[in-house]
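Enquirer: fold the following for me, if possible:
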Amino acid sequence: MAGPGIADTIRIATFHSELERDGPGRLLKAILSREDPQVLAVRDVVAAVAPDILLLQGVDYDHGLVALRALRDTLAQDGGPLYPHLFARRPNTGMATRLDMDGDGRLGRARDRQGYGEFSGQGGMALLSRFPIVKPAAQDFSGLLWKEMPGALLPKVEGRPFPSARAQAAQRLSSVGHWVVPIAHPAGRLHLLAFHAGPAVFDGPEDRNGRRNHDEILFWQHFLNGAFGTPPAVRFAVIGHANLDPVDGAGRKTAIRALLDDPRLQDPRPARQGPAPDDPGQGGDPRRDTVFWPDPGPGALRVSYILPSADWKVLESGVYWPADDTPGAQAAKAASRHRPVWVDLVARTD
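Expert: Here you go, the predicted structure:
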């Protein structure tokens, strides 16, 4: 798909696969078994979307990327997409702090880690690409302390830092991670501004999680403003899991709405094909939802995003959510409660 002054189409996608397991090494074991139903369903979903570049959330991290390589090989089975280039960094999930980070008076629990996790690396994120990843130029902001964010919304209770001054001094901003990853595309280098924010709920009246989620999303506007170095000027995209709907559900909406309205970005407003079930309790367009959390969860919400920079030409976009009576529906349900979001882009060369 090319024309005068236009490079070949590139499809990028993000997918919260929910492949994380409850112990280290168990995801690799599931992949190598070649019969784990969820792994096989994720394979089928990725094959149906067939992105050139894929950001996965919910993938357990190990130092040698052994599980990720095994997953890459599984995705390539039966003519699936080939991803010779991989990128993952240690996430904040499960990273020990030796502090009470949630104020419950206990130590060493999943909520006391830099990001929620039963073990180090649980539920990380990973990038798979057909094109070379310029790893030496990649930036990892996952170690940025929350207090170092301009205007950080750090929680307080009765005027005191919550849960403690020591905890706030050690708390990182990222629940999982924030990366800026350059890709060597034939039309020119592109940058993916990849992230996975934590949930805006599951806390108390101090709204610790809601405040942190807000600032994790707001980080990208500060980054584009030059607060953390020189940002890319062209051919970039914010991509990942914001864990927040701009209209429905709980959470502080200001940051996600500001990101969607930022003139340096464009919102392709990806949607599923065909109608979506009506929900009288929701105010947003249900076709744009990317997840369904059943009762007692909040239902269907838009929480995953791809926001290309304004200089890209968006050809198509979508949420891969097959209707129940169509091929692919069973695999989509078996893979994850979330659905992949994809965008087709071309970069003008004139």
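Enquirer: what's the nearest residue to residue 161 if we skip its chain neighbours?
Expert: Ranked by C-beta to C-beta, 6 or more residues apart in numbering and with sequence neighbours excluded, the top spatial neighbour of residue 161 is residue 168, at 4.6 Å. C-beta: built from backbone N, CA, C; applies to glycine.
Enquirer: need the three-state assignment for that neighbour.
Expert: Residue 168 carries the three-state label helix when classified by DSSP: H, G, I helix; E, B strand; the rest coil.
Enquirer: and it, how close does it get to residue 208?
Expert: Spatial separation of residue 168 from residue 208 under the definition C-beta to C-beta, to the nearest Å is 10 Å.
Enquirer: tell me which of these two has more neighbours.
Expert: Comparing residue 168 with residue 208 by neighbour count (other C-beta atoms under 10 Å), the higher total belongs to residue 208, at 25 against 20.
Enquirer: now do the contacts for the nearest residue in space to residue 156 that is not next to it in sequence.
Expert: For residue 156, the nearest residue in space outside its immediate sequence neighbours is residue 162; the separation is 5.7 Å by C-beta to C-beta, 6+ apart. Remark: with contacts taken as C-beta atoms under 8 Å, 6 or more residues apart in numbering, residue 162 is in contact with 103, 155, 156, 168, 206, 208.
Enquirer: closest to residue 223 among the residues you listed?
Expert: Nearest to residue 223 among the contacts of residue 162: residue 168, at 21.8 Å, using C-beta to C-beta.
Enquirer: which stretches of the stretch 1-150 of the chain have low pLDDT?
Expert: Low-confidence regions of the stretch 1-150 of the chain, defined by pLDDT under 70, span residues 1-7.
Enquirer: for it, what spans make up the helices?
Expert: Under the criterion DSSP state H, counting those that start in this stretch, the stretch 1-150 of the chain contains helices at 26-33, 37-49, 66-75.
Enquirer: go on, the stretch 151-300 of the chain?
Expert: Secondary structure of the stretch 151-300 of the chain, counting by DSSP H, counting those that start in this stretch: helices at 165-170, 208-224, 254-261.
Enquirer: mind listing what's buried along the longest one?
Expert: Read it as helix 208-224. Neighbour counts using 16 or more other C-beta atoms under 10 Å place 208-221, 223-224 of helix 208-224 among the buried residues.
Enquirer: that one - contacts with which helices or strands?
Expert: Applying 3 or more C-beta pairs under 8 Å, 6 or more residues apart in numbering; DSSP states H and E, one finds that helix 208-224 contacts strand 177-185, strand 188-196, helix 254-261.
Enquirer: so what's residue 84 closest to, chain neighbours aside?
Expert: Counting by C-beta to C-beta, 6+ apart, residue 84 lies nearest to residue 130, which is 7.2 Å off, once chain neighbours are set aside.
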